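Chemist: one predicted model, sequence on top.
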Amino acid sequence: MEALQELIASLVERNWAVTEQFLPQEILSALYAGARSRWEQGNMRPAGTGRGRDFAVREEIRGDHICWIDPQHPCNAAESAYVQAMEALRVLLNRELFLSLVDFEAHYAVYPPGAFYRRHVDCFRTDDRRMLSTVLYLNPGWNARNGGQLRLHHPDGCWTDILPRMGTFVIFCSDAVPHEVLPASTWRFSLTAWLRRRGLLPF
């Protein structure tokens, strides 16, 4: 709980935060094994941009493959632990910051070697439900030579690069933090989720 309190304090201060204490190692290892299994079994599909009629797969913008999970029906104990941790974070954020978050959506993502995601923000023009973006990285033994950093862009023109090491958990404001994924030299796995409010725009 103390780690989550520190995470929230950092989020308030700068619109983003990082912790290495979101889930225990055995859960992370099981999630990594599950993500690899989904990829190897052909259960991940090329990700796209936009939604509805604007949806399109554009590899010049993003090259990851994804597989959505159902928070209401986790597939195994590791996914259940992840869902419980996300729900605890949602409740704490509502209590501490009065955000009125109602749920979250999540997917596994894999970036093949060389894949990237150009600079973007996570809010759709026609759907403003996504309020906070999160990424949990699942890559054991990752180092700077592997690349694949998450680059968070700041209003002053500077940026912060975050290595996708196993256990690193990042949270940031979906509409206020432009970000991108840099190319990696090897396979890069993660769990991405968005904490959502009730929509204010028609969709």
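Modeler: Happy to help now that I have it.
Chemist: helices along the protein, start to end?
Modeler: 2-14, 25-40, 77-97 (DSSP state H).
Chemist: buried residues, the last one. List them.
Modeler: In other words, helix 77-97. Ala78, Glu79, Ala81, Tyr82, Val83, Ala85, Met86, Leu89, Arg90, Leu93 (16 or more other Cβ atoms under 10 Å). All C-beta spots, glycine's among them, are computed from the backbone N, C-alpha and C.
Chemist: from the contact counts, what lies against it?
Modeler: Here helix 77-97 touches helix 2-14, helix 25-40, strand 101-111, strand 130-137, strand 188-197, going by 3 or more Cβ pairs under 8 Å, 6 or more residues apart in numbering; DSSP states H and E.
Chemist: mean pLDDT lowest for which of those?
Modeler: Mean pLDDT is lowest for helix 2-14 out of these, coming in at a mean of 91.
Chemist: if we can go back for a sec, adding distance to Met166 and pLDDT, write the buried residues of helix 77-97 out as TSV.
Modeler: Below are those laid out as TSV (distance: Cβ to Cβ, whole Å; pLDDT from 0 to 100):
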residue	distance to Met166	pLDDT
Ala78	13	97
Glu79	16	96
Ala81	15	97
Tyr82	13	98
Val83	19	97
Ala85	15	96
Met86	18	97
Leu89	19	96
Arg90	23	97
Leu93	24	96
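Chemist: of those, closest to Leu101?
Modeler: When the buried residues of helix 77-97 are ranked by distance to Leu101 (Cβ to Cβ), Arg90 comes first, at 4.9 Å.
Chemist: ok, which of the helices of the chain comes nearest Ser174?
Modeler: helix 2-14 (12.0 Å).
Chemist: hmm, who's touching the closest one?
Modeler: For helix 2-14, contacts defined as Cβ atoms under 8 Å, 6 or more residues apart in numbering pick out 16-19, 21-22, 88-89, 92-93, 96-97, 132, 169, 171-173.
Chemist: for Gly50, which residues are in contact?
Modeler: Gly50 touches Ala56, Phe124, counting by Cβ under 8 Å, 6+ apart.
Chemist: any idea how far it lies from Leu93?
Modeler: Distance of Gly50 to Leu93, computed by Cβ to Cβ, to the nearest Å: 27 Å.
Chemist: cool, Val102 as well?
Modeler: 12 Å.
Chemist: check Ile66 too.
Modeler: When Ile66 is compared with Leu93 (using Cβ to Cβ), they lie 24 Å apart.
Chemist: repeat that for Arg197.
Modeler: 11 Å.
Chemist: likewise for Trp187?
Modeler: 31 Å.
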